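Engineer: all I have is the shape, not the residue letters:
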C-alpha cells in the first residue's frame, strides 16, 4: 500500500467500505504521508476478520503519518471513530499543530482496536488541557482496546483515556509496555474505566512540568482494576506538587479486588517541590502489594513515600518504601488517614517503611480504622512513629499507645541502594 496519489486513497477507502470477510493486511511502503486519516466501522470485521495497517519492513521509523490539524473540531492525525478490530502497528504517527496536537484518537464505540509498537509524537506542551496528547480517548463507549509497546513523546498527556462518567464506564482496555516521555501534566491519565489493565509502562517525569503533575493518574477506575509492574522515574523537577502514581475514587469489591502491585516509583535527584510516591484518596478494596518507592526532595514540606487518605478496605502489604528527604514537616515514609467506620479497615502488614533523613517511618491519624502488624520500621531521627500530633521515639512506645505492631520490628533495612530496594546480599545484616 502506497498512498502516493489521491485517487489511490479513494479506491482503498471504497474497498474497505464494501466490507471484508477475513483478515486483511495493508503493508505500507516506506515514506512520509502527510494526511489526516479517519476510520469508521468496516463491515464484516470481527475476531476472525481484523484489518491491519503496518510498515512493510517492520521498522516504525520508515513509515511516518503526519498532519497539521488547524481545525479544533478535527484534532487528530489518526482517528478510529467507532471502528472495530482495526490494528495500526510498526509506524510513526506525528501531530504537528501545537494547539490541536492529538496524534491518535479513539472515539465513540471504538472497540477491539490495537495500537502496537508505534512511535507516537505530540508537540511539547505547556498547557493543562487535553488538546495535545499522544493517544487520546474521551467519552469513549467502546471496549477491549489495546495500547501496547509504543513510544509516546510530548503532549500535555502522553495517554489520555476516559469513559463517559462514573455510572457509565468504558471496560476492559489494556495499556501495556509503553514508554512515555516529555509529557507536561500527565504521563498516563485514566478516568471512568472498569476492569482496566495498566501494566509494565515506563513514565519519565522531568522539567518542564505543570505545577501539579502526575506520572500515572487514575480516577474512577472501578471493578477489579489492575495497575501492575509500572515504573515512574522522577528527576530534575521544580514543580510545586508531583505525584508518582495517584488514585482517586477507585472502587472495587471485596470479592473482586483491584490490584496495585509490583510498581516502582523512583524520585531522588534534583527535586525541589512536594513529592508523593504512591498516593491514594477515597479508593476502596484494592491490594496494594509488592510496590517499591524511593523518594527524596529538597522541599521543606510534604515528602511521602506512600500516602493514603479516605476510602477503606485497602490491603497495604509487602511494600518497600524509602524516604531520604530532609523536610522539616509532613515528612514520612508512610502516611495513613483512613477515618471511616463504615468501610473496612486498612490492613498494613509485612511492609518495610524506612526514613533515613530524620523523618517518620509511619504516620497515622486514626488508630481505629487500621490494622498494622509484622512490619519493619526504621528512621534516623528522634521520632520513629507519629499518631496525630504525638511522636513516638521507639517502636515499644508506639505499641504501648496503639496496641498495633506487636510483631513488628525496628531495624535498618539493608537495601542495595536508594534506587534498588532489593536486599543487599553482601551485607551481613541481611542475614542477621
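Structural biologist: Looks like it arrived, so ask away. Not measured: the values here are computed from a predicted model.
Engineer: mean confidence for the host helix or strand of residue 16?
Structural biologist: Using DSSP states H and E, residue 16 sits in helix 6-17. Confidence for helix 6-17, expressed as mean pLDDT, is 60.
Engineer: what does stretch 300-307 give?
Structural biologist: Rounded mean pLDDT across stretch 300-307 is 94.
Engineer: one more: stretch 278-296?
Structural biologist: 97.
Engineer: what pairs with the following helix or strand past the helix holding residue 16, and is each one parallel or antiparallel?
Structural biologist: Next in sequence after helix 6-17, counting helices and strands by DSSP H and E, comes strand 24-28. Strand pairing for strand 24-28, determined by DSSP bridges: strand 51-55 (parallel).
Engineer: can you list the neighbours in contact with the strand it pairs with?
Structural biologist: Strand 51-55 has contacts (C-beta atoms under 8 Å, 6 or more residues apart in numbering) with 1, 16, 20, 23-28, 30, 42, 45, 62-63, 85-91. C-beta here means a position set from N, CA and C on the backbone, and glycine is covered the same way.
Engineer: all helices of the protein, in order?
Structural biologist: In the chain, the helices defined using DSSP state H lie at 6-17, 395-402.
Engineer: OK, contacts around residue 377?
Structural biologist: Residue 377 sits in contact with 353-354, 361-362, 384-385, 395, 405, 408-410, where contact means C-beta under 8 Å, 6+ apart.
Engineer: buried among the residues you listed? Make that a PyMOL selection.
Structural biologist: Typed into PyMOL, the line below selects the buried ones among those, using 16 or more other C-beta atoms under 10 Å:
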select buried, resi 353+354+361+362+384+385+395+405+408+410
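Engineer: and the contacts of residue 377, which two are furthest apart?
Structural biologist: Greatest spacing in those, by C-beta to C-beta: 354 and 405 (14.8 Å).
Engineer: quick one on the thing from earlier: buried subset of the contacts of strand 51-55 as a ChimeraX selection?
Structural biologist: Selecting the buried subset of the contacts of strand 51-55 in ChimeraX, with 16+ other C-beta under 10 Å as the burial test, is done by:
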select :16,20,24,28,42,45,62,63,85,86,87,88,89,90,91
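Engineer: distance of the residue nearest to residue 45 when sequence neighbours are not counted from residue 257?
Structural biologist: Spatial nearest neighbour of residue 45, excluding adjacent residues (C-beta to C-beta, 6 or more residues apart in numbering): residue 85 at 3.9 Å. Remark: distance between residue 85 and residue 257 (C-beta to C-beta, to the nearest Å) = 31 Å.
Engineer: skip the chain neighbours and tell me the closest residue to residue 277.
Structural biologist: Using C-beta to C-beta, 6+ apart and skipping residues adjacent in sequence, the residue nearest residue 277 is residue 293, 3.7 Å away.
Engineer: the one you found contacts residue 319, doesn't it?
Structural biologist: Yes - judged on C-beta atoms under 8 Å, residue 293 makes contact with residue 319 at a distance of 7.2 Å.
Engineer: any shared contact partners between these two?
Structural biologist: Counting by C-beta under 8 Å, 6+ apart, the residues touching both residue 293 and residue 319 are residue 306.
Engineer: would you mind listing the buried residues in stretch 56-70?
Structural biologist: Quick answer for stretch 56-70 (16+ other C-beta under 10 Å): 60, 62-67, 69.
Engineer: shaky segments in the stretch 301-432 of the chain?
Structural biologist: 431-432 (pLDDT under 70).
Engineer: if you set the cut-off to 80 instead, what comes out?
Structural biologist: Scanning the stretch 301-432 of the chain for pLDDT under 80 picks out 328, 339-342, 430-432.
Engineer: how about the stretch 1-150 of the chain?
Structural biologist: Along the stretch 1-150 of the chain, the model assigns pLDDT under 80 to residues 1-17.
Engineer: and with 50 instead?
Structural biologist: 1-7 (pLDDT under 50).
Engineer: where do the strands sit along it?
Structural biologist: Counting by DSSP state E, counting those that start in this stretch, the stretch 1-150 of the chain has strands at residues 24-28, 31-34, 37-39, 51-55, 63-67, 78-81, 86-89, 92-95, 101-107, 114-116, 119-121, 132-137, 146-148.
Engineer: now render the buried residues of stretch 56-70 as JSON lines, adding distance to residue 418.
Structural biologist: Output for the buried residues of stretch 56-70, formatted as JSON lines (distance: C-beta to C-beta, whole Å):
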{"residue": "60", "distance to residue 418": "35"}
{"residue": "62", "distance to residue 418": "41"}
{"residue": "63", "distance to residue 418": "42"}
{"residue": "64", "distance to residue 418": "40"}
{"residue": "65", "distance to residue 418": "42"}
{"residue": "66", "distance to residue 418": "41"}
{"residue": "67", "distance to residue 418": "44"}
{"residue": "69", "distance to residue 418": "44"}
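Engineer: what is the nearest of those residues to residue 422?
Structural biologist: For these, the nearest to residue 422 is residue 60 (33.7 Å; C-beta to C-beta).
Engineer: residues contacting the closest one?
Structural biologist: Neighbouring residues of residue 60 by C-beta under 8 Å, 6+ apart: 90-92, 117-119.
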